[in-house]
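Asks: the sequence isn't on hand, but the structure is:
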């Protein structure tokens, strides 16, 4: 079964930092694009960041630009979402998704075919 597994969610104070990890299970992450989505309480799921299959043309939601960084470990293929200057509005369930040979342009949840179960991130004092 092809899936991705998220880890690293936690409760963090406003202004703090957190790193989420996304590991591939059942497939080689080479040539796959990965994205992070989040669903805040009472809101629809929305894209946060995407890293394409090729190159480093990453894509970020306006609300996280300059604060979040998506990256890929070349050795093991794990994808990370480094989050800093966290705000209460960043609270939500974060999902990782993967799709082969994808560029990330105009990405949506439906652009991907492999999904994780989600992990809770809570930003609160």
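Replies: Yep, that arrived. In this text, all values refer to a predicted model and were calculated from it rather than measured experimentally.

Asks: report the distance from stretch 22-41 to the chain centre.
Replies: 7 Å (C-alpha atoms, centre = their mean, to the nearest Å).

Asks: now swap in stretch 114-123 and tell me
Replies: Mean-position distance between stretch 114-123 and its chain equals 9 Å (C-alpha atoms, centre = their mean).

Asks: buried ones in it?
Replies: Residues of stretch 114-123 classed as buried: 114-116, 118-119, 121, 123 (neighbour count, 16 or more other C-beta atoms under 10 Å). Backbone N, C-alpha and C define where each C-beta goes, glycine included.

Asks: quick check: mean pLDDT of that stretch?
Replies: Stretch 114-123 comes out with an average pLDDT of 97.

Asks: mind listing which of the buried residues of stretch 114-123 are in strands?
Replies: The members of those that map onto strands under DSSP state E are 114-115, 119, 121, 123.

Asks: following element in sequence after the stretch of helix or strand residue 37 belongs to, please.
Replies: Element membership for residue 37 (DSSP states H and E) is strand 32-39. Under the assignment DSSP H and E, the closest C-terminal helix or strand after strand 32-39 is strand 46-51.

Asks: strand partners (parallel or antiparallel) of that next one?
Replies: Applying DSSP bridges, strand 46-51 is found paired with strand 32-39 (antiparallel), strand 59-60 (antiparallel).

Asks: so which of these has the densest surroundings on average?
Replies: Neighbour counts (mean count of other C-beta atoms under 10 Å) averaged over each of the strands paired with strand 46-51 peak at strand 32-39, with a mean of 24.

Asks: so that one versus strand 119-123, what angle?
Replies: In terms of direction (axes from the mean of the first three to the mean of the last three C-alpha atoms, to 10 degrees), strand 32-39 departs from strand 119-123 by 50 degrees.

Asks: which of the buried residues of stretch 114-123 lies closest to residue 90?
Replies: residue 123 (5.0 Å; C-beta to C-beta).

Asks: re the thing from before, make TSV out of the ones in strands among the buried residues of stretch 114-123 and add distance to residue 72.
Replies: Shown next, in TSV, are those (distance: C-beta to C-beta, whole Å):
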residue	distance to residue 72
114	15
115	18
119	18
121	20
123	25
